[in-house]
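Undergrad: Show me how the following folds:
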Amino acid sequence: MAAPTAPSHEEVLALLEDSAYNPAIVNQLEAYAKSQVETLYLSSGGKAAYFFDANRTLAKLYQFFPHLADNSNYALILLLALLEFPSTDFSALGYLVPERMQEIEPAVTLVRCSDLLEQCQFAEFWNTFRPLVLSEEAPELLKSAVASPSAVNKLRRSILGLLALTYRAAPMSVVLPALDMRETSELSKFVSDDPDVKAIVEKVDGESVTFFATASNTKRDKVFKEGVSFVSVSTMINKGASLREQ
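TA: Predicted structure coming up:
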């Protein structure tokens, strides 16, 4: 049987408005989840925008009708949420994914990746995230997305944004491992090629990265030099998680 054609964003909106609890829309939501991955991270030429509400509805329908649940599609919507870091989408979606599914690869690794990002353990995150490309249990679409420059660079932009909350100037020994980079020249090219990163990074030299001054990274007194701690940043990331459960 041929895979169903992915609905448009407008068609998905209509489905959620009129038939959100109808199991008949599961196939369309699954197709849209795959289309999101293909459009956002595999340059497929598609037009599917990231749509948390559609993915959350799919997870809810899997809860209500467990005979329809599909581990590969669970993995895809978890990956899509993970790549939205530092949003709390992954935490909110995680409440809807049954524990038995979270104990199966690749969900196990995706959950671990989310935990590491929330704890600001970025170097360990990359050591956990990268091997998903070789996972025998992961769907091919997920493996292709994990390996894609689009996904990697999106995560790097998000991590740099958090570093900019913490530091006015950060040592290269902190920044490069956090971005899974080896050389300063690699970071310099990333900054020069990406307008969003240019808006965050003021200067890159051999020893450090200077971020543009913000209220967060230029606190007065003792914190003026140190910025806010990673613990504070991690706490800030987690504050909104409960707001997305519903």
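Undergrad: Give me the helix or strand of this structure that scores worst on average pLDDT.
TA: Of all the helices and strands that make up the chain, helix 223-226 has the lowest average by mean pLDDT, DSSP states H and E, namely a mean of 40.
Undergrad: Any buried residues in the helix or strand containing Tyr74, and which?
TA: Tyr74 belongs to helix 71-82 when elements are defined using DSSP states H and E. For helix 71-82, the neighbour count (16 or more other CB atoms under 10 Å) marks Asn71, Ser72, Asn73, Tyr74, Ala75, Leu76, Ile77, Leu78, Leu79, Leu80, Ala81, Leu82 as buried. Just so you know, the C-beta spots here come from the backbone N, C-alpha and C atoms, and that holds for glycine as well.
Undergrad: Could you name the helices and strands sitting against that helix?
TA: Applying 3 or more CB pairs under 8 Å, 6 or more residues apart in numbering; DSSP states H and E, one finds that helix 71-82 makes contact with helix 26-41, helix 52-64, helix 89-94, helix 107-118, helix 140-147.
Undergrad: how does it look with 6 Å?
TA: If you count contacts as 3 or more CB pairs under 6 Å, 6 or more residues apart in numbering; DSSP states H and E, helix 71-82 packs onto helix 26-41, helix 89-94, helix 107-118, helix 140-147.
Undergrad: so which of those comes closest to Val174?
TA: helix 107-118 (15.8 Å; CB to CB).
Undergrad: Contacts for the closest one, please.
TA: 75, 78, 82, 85, 90, 101-102, 124-125, 128-129, 132, 234, 237 (CB atoms under 6 Å, 6 or more residues apart in numbering).
Undergrad: Heading C-terminal from that helix, find the next helix or strand.
TA: Next along the chain from helix 107-118, counting by DSSP H and E, comes helix 122-129.
Undergrad: Could you figure out how far that following helix is turned away from helix 107-118?
TA: Between the axes of helix 122-129 and helix 107-118, defined by axes from the mean of the first three to the mean of the last three CA atoms, to 10 degrees, the angle is 170 degrees.
Undergrad: orientation of helix 122-129 relative to helix 140-147 in degrees?
TA: Computed by the same axes, to 10 degrees, the angle separating helix 122-129 from helix 140-147 equals 150 degrees.
Undergrad: measure Pro98 to Val133 for me?
TA: Distance, Pro98 to Val133, using CB to CB, to the nearest Å: 26 Å.
Undergrad: And for Tyr21, the neighbour number?
TA: Using other CB atoms under 10 Å, Tyr21 has 10 neighbouring residues.
Undergrad: ditto for Pro66
TA: 11.
Undergrad: Leaving aside the residues adjacent along the chain, what's closest to it?
TA: Nearest residue to Pro66 in three dimensions, chain neighbours excluded: Pro98, at 7.7 Å (CB to CB, 6 or more residues apart in numbering).
Undergrad: cool, Ser8 as well?
TA: Lys47 (7.2 Å).
Undergrad: for Thr218, same thing?
TA: Arg168 (5.9 Å).
Undergrad: middle-most residue in this protein, spatially?
TA: Residue closest to the average C-alpha location in the chain (CA atoms, centre = their mean): Leu83, at 1.5 Å.
Undergrad: Poorly predicted segments of the chain, please.
TA: 1-3, 219-246 (pLDDT under 70).
Undergrad: cutoff 80 now
TA: Applying pLDDT under 80 to the chain flags the ranges 1-4, 44-46, 219-246.
Undergrad: Quick one: name whatever helix or strand follows the longest helix seen in it.
TA: Longest helix in the chain by number of residues (criterion: DSSP state H): helix 149-166. In the C-terminal direction, the helix or strand that comes right after helix 149-166 (DSSP H and E) is strand 169-171.
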